[in-house]
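Trainee: Give the three-dimensional model of this entry:
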Amino acid sequence: MSPIETTKPNLINKDANLSFVVELSEQISTIAFSNSELSQDLILIAFPREISVAQLDSQEPYELKELIKFNHGVQCTALSLSPITTIYGVPKILVFCAAGNDFKLRIFESDISQKDTTKVINAHSDYINDVAFDPDNNYLVSASDDNTAKLWSTEDYHCLYTFKLKSPGISCCWHKDDNSKLMLAEKMGVIRFYNVNTQKPILSVDYNKPIAAAHWAPSDPQIVGCLQHGELVIWDLTRASRPLYTKLLFADSGNSIKFSPFGELVATMSQLEGTLKVTNVQSQHQRLSAQISLASNISWHFRLPFVCVGVDNNLMFWKVT
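Mentor: Now for the predicted structure:
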């Protein structure tokens with residue numbers, strides 16, 4: 001578990017807000033920090049053919065230690081770490097899902113020492129855009145370009161239900177405190193909220209523009225954000241007839257959005273423009289603008305005020321408060 005090389009930001013990037021950079025050996029495809037307290041310092045890092053599980057030392061000087069690496073074989077398109085994952089007890093438990101560009105899901109389980117298993121699921125007939133475990137680890141959901149989202153049981157990973165969509169499924173997200181509520185965002189511009197016990201929609205919002213990405217604020221279940229073309233659109237679900245506000249962020253379409261776990265900040269990114277922006281949700285003030293290239297996606301640390309993006313073969317961390 002030797003540290004991966006951590007580099008001072010001025011050696012790689014002149015951005016004064018950049019806190020630190022972790023230099024890796026290959027280009028990063030996608031990343032996912034844990035969104036659970038039990039595994040809050042873990043991050044999944046997908047490379048072209050492998051997936052690394054690493055732990056961030058949460059005290060300065062920050063270091064990233066690789067715990068284990070898995071062969072994935074194909075390009076990874078989405079990642080989600082199960083909330084039952086913990087590295088602090090005995091035995092250690094690691095469970096995560098990786099979506100591949102072969103349209104399959106792979107469930108990796110490990111005790112990070114001797115026992116590793118992989119379950120391959122023939123999940124979809126087209127590109128898988130997002131995957132997410134629910135907070136109680138009862139379900140896994142996947143959203144795909146095949147105009148479906150699928151609900152999987154975590155007991156044996158059989159498909160419980162297929163949500164038939166009217167356009168590609170772009171993003172999926174769970175209510176933080178109620179695992180019966182699921183958000184599914186469609187490319188055509190509609191965001192629907194479902195009760196998974198009945199598989200029926202309970203609410204929808206629509207801005208009549210294509211959606212590139214959407215996210216449900218983890219600290220406030222009434223707030224949802226999405227990127228539609230280059231606009232940041234914020235919804236208050238208590239007044240869902242129209243957006244709370246819209247804000248033009250990018251001339252070209254953005255592709256990634258994530259609220260911070262604390263809720264007051266939202267990070268957005270445009271790969272076409274090579275720009276990462278962090279906005280205060282309430283004041284709408286911009287807190288960060290950084291130039292990036294060959295970027296992966298956005299992920300926040302569960303507890304620390306770090307937003308992270310894979311940029312080529314570098315894992316870059318900005319501290320935003």
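Trainee: so where's the chain uncertain?
Mentor: 1-16 (pLDDT under 70).
Trainee: My understanding was that residue 75 contacts residue 48; is that so?
Mentor: Yes - counting by CB atoms under 8 Å, residue 75 touches residue 48, with 6.1 Å between them. C-beta here means a position set from N, CA and C on the backbone, and glycine is covered the same way.
Trainee: what residues are shared contacts of these two?
Mentor: Common contact partners of residue 75 and residue 48 (CB atoms under 8 Å, 6 or more residues apart in numbering): residue 29.
Trainee: ok, and the closest non-adjacent residue to residue 119?
Mentor: residue 107 (4.3 Å; CB to CB, 6 or more residues apart in numbering).
Trainee: which SS state does that neighbour fall under?
Mentor: strand (DSSP: H, G, I helix; E, B strand; the rest coil).
Trainee: which residues touch the helix or strand encompassing residue 268?
Mentor: In the assignment (DSSP states H and E), residue 268 maps to strand 265-270. The contact list for strand 265-270 (CB under 8 Å, 6+ apart) reads 215, 217, 225, 227, 230, 232, 234, 249-250, 252-260, 275-281, 287-288, 292, 295, 297-298, 300, 307, 309, 320.
Trainee: Which of these are buried? Put it as a ChimeraX command.
Mentor: This is the ChimeraX syntax for the buried subset of the contacts of strand 265-270, where burial follows 16 or more other CB atoms under 10 Å:
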select :215,217,225,227,230,232,234,249,250,253,254,255,256,257,258,259,260,275,276,277,278,279,281,287,288,292,295,297,298,300,307,309,320
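Trainee: Just the ones of the contacts of strand 265-270 in strands?
Mentor: Under the assignment DSSP state E, the contacts of strand 265-270 contribute 215, 225, 227, 232, 234, 256-259, 275-280, 287-288, 295, 297-298, 300, 307, 309 to strands.
Trainee: thought residue 126 was touching residue 144?
Mentor: Yes - with contact defined as CB under 8 Å, residue 126 counts as touching residue 144 (5.5 Å).
Trainee: So the two - more neighbours on which side?
Mentor: Taking other CB atoms under 10 Å, residue 126 and residue 144 do not tie; residue 144 has more neighbours (26 against 13).
Trainee: so the more buried one bridges to which residues?
Mentor: Residue 144 forms beta bridges with residue 128, as assigned by DSSP bridges.
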